[in-house]
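[1] Could you look at this predicted model? Sequence included:
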Amino acid sequence: FQAEDGIRDCLLSRGLGDVYKRQDLILVGGDLSYADGWPFRWDTFGRLSSRVFGRVPTLATGGNHEVGSGEQWVHFEARWPTPHASSGSTSPLYWSVDAGPAHVVALNSYDNFLEDGDRLQRAWLAKDLARVDRSRTPWVVVMMHAPFYNSNGAHHDEAELMRRAYEPLLYEHGVDVVLAGHVHAYERSDARGVYDYDVDPCGPVYVNLGDGGNRENTYTRWAAPHLAWSAFRESSFGVGHLELLNDTHAHYRWKRDACGKPGDGDGLNLNASSCATPGDAGGSAHEVADEFALVRDRAAACAKRRNPPAIRPPPAVVFPPDAGGAAAPSPRRASRHAARDEADSALTVELSLLAVVLGTVASFALGLLAGYCRKDVLRDGAKRGAVECAALITPPSALYQKPSLRPPSPEASALGDHDHMIAMT
């Protein structure tokens, strides 16, 4: 398709023209709007991103900012439908879909991984991976929010419980690439593949793309020395591109788009042609800073996949104190409107507290009324059919019901035979 002139020129000026020219699919690894309980932020994020997401098929998985701060997946599930029904999933938070030559799987990093609490997701994943037809979709890409492998001091080992339960499954079924986010930096594992912190040609390549941009800045504290499984890492913002050339060969590249400026102004430097952040491994903006060729020999025997080695505890990691910490939020800029901004902020807090109080009182009143109705019904069974207490509260399912998703037709699901581009952030 042809992009609108203004949008195309803007993207071309930032080195992102191929977003319109070549992308077949966009994958977003969570933390979408940073609404954090403020619904209008979902609207502004939607308006900001719809020019791209409305033209390129886009799929997302949820992150901690979709479940925390009062979100509880409500807006994510209502605004971002997923193909979970067509993939046999029991939840919209994990799903799979065939996109051209790739079978794409999304997992929920915030399931309950204690005492078998994630058994539904894990059982579904095992079944889904077992039925992948490699003659139709030779590539398998899995994405989640919290990374299994991360040498940054931020969110380090947060997904360890999930890794112990799921990494053997990904290894056994020959997953090719695992995408994650969460950590506000970019990191990529050894291109030969990784399993249980060792370079393993039978394992997937792990790519951490928590560098899509956010108001919290980049994370700059890296483990030292550089860990063996980690091939490239940089505390900058950017986007990854995965091009599936044929059944066995793919090309991956990452472009830096902006840098963080810890404690300086807005904390963001968009002059990516010359910017740098602590711990950078090199590269200049809008030019490829990291790339590799991914070659999967389908005839190669990976016998140990049938019986993956037991997962070991993660190795000890040292984070030097002088490596710098996560960039602190930038201070409020001096403005002649500072007094008004402070007053607006105070008013917002007061209104929020008032809403909490009114909500609590209303809930208490509804509870008393419902209890009174129930008592009345129990006292006089003959009136049971005439009293409708349930109508006092609208069922949540009616508020957030989504239209049913139909399985895609062969023509719609097949993007073609070869040379497909996936943009990831």
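    Good, I have the coordinates. None of these values were measured; they are calculated from a predicted model.
[2] so where's the stretch 51-200 of the chain shaky on pLDDT?
    For the stretch 51-200 of the chain, no stretch has pLDDT under 70.
[3] Going along the chain, name the helices of it.
    Taking DSSP state H, counting those that start in this stretch, the helices of the stretch 51-200 of the chain run over residues 64-67, 74-79, 119-130, 160-172.
[4] any idea which of these is most buried?
    Among the helices of the stretch 51-200 of the chain, helix 64-67 has the highest mean neighbour count (mean count of other CB atoms under 10 Å), at a mean of 22. Where you see a C-beta, it was placed from the backbone N, CA and C, and this is true even at glycine.
[5] returning to that earlier point: could you export the helices of the stretch 51-200 of the chain as CSV, including distance to Phe319?
    Converted to CSV, these look like this (distance: least, CB to CB, whole Å):
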stretch, distance to Phe319
helix 64-67, 21
helix 74-79, 32
helix 119-130, 31
helix 160-172, 16
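[6] Averaged pLDDT, the strand or helix carrying Leu369. What do you get?
    Element membership of Leu369 [criterion: DSSP states H and E] is helix 338-379. The pLDDT scores in helix 338-379 average 56.
[7] on that earlier part again, closest one to Lys255 among the helices of the stretch 51-200 of the chain?
    Lys255 lies closest to helix 64-67 among the helices of the stretch 51-200 of the chain, at 24.2 Å (CB to CB).
[8] Touching the closest one from outside, list them.
    If you take CB atoms under 8 Å, 6 or more residues apart in numbering as the criterion, helix 64-67 is touched by 30-36, 71, 73, 75-76, 109-110, 145-146, 182.
[9] Would you mind checking those residues for buried ones?
    The neighbour count (16 or more other CB atoms under 10 Å) marks 30-35, 71, 73, 75-76, 109-110, 145-146, 182 as buried among the contacts of helix 64-67.
[10] Going by distance to Gly153, which of the residues you listed wins?
    Using CB to CB, His182 is the member of those that lies nearest Gly153, at 13.0 Å.
[11] related to what we said a few turns ago, what's the closest of the helices of the stretch 51-200 of the chain to Thr90?
    Thr90 lies closest, by CB to CB, to one member of those: helix 119-130, at 5.2 Å.
[12] For the closest one, list the C-alpha coordinates in CSV.
    Extracted C-alpha coordinates of helix 119-130, given in CSV (Å, rounded to 0.1, in the frame of the first residue of the first chain):
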residue,chain,number,x,y,z
ARG,A,119,-1.2,-25.2,34.5
LEU,A,120,-3.8,-24.1,31.9
GLN,A,121,-1.4,-21.8,30.0
ARG,A,122,1.4,-24.4,30.2
ALA,A,123,-0.9,-27.3,29.0
TRP,A,124,-2.2,-25.1,26.2
LEU,A,125,1.4,-24.2,25.1
ALA,A,126,2.5,-27.8,25.0
LYS,A,127,-0.5,-28.7,22.9
ASP,A,128,-0.1,-25.7,20.6
LEU,A,129,3.6,-26.3,19.9
ALA,A,130,3.1,-30.0,19.3
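[13] tell me what that helix is packed against?
    strand 102-106, helix 160-172 (3 or more CB pairs under 8 Å, 6 or more residues apart in numbering; DSSP states H and E).
[14] I'd like those as a markdown table, with distance to Lys127 appended.
    Converted to a markdown table, those look like this (distance: least, CB to CB, whole Å):
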| stretch | distance to Lys127 |
| --- | --- |
| strand 102-106 | 12 |
| helix 160-172 | 11 |
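[15] Now do the strand ranked longest in the chain: which elements does it pack against?
    The single longest strand within the chain, with elements called by DSSP state E, is strand 249-260. Here strand 249-260 touches strand 186-189, strand 236-244, strand 268-269, strand 288-295, going by 3+ CB pairs under 8 Å, 6+ apart.
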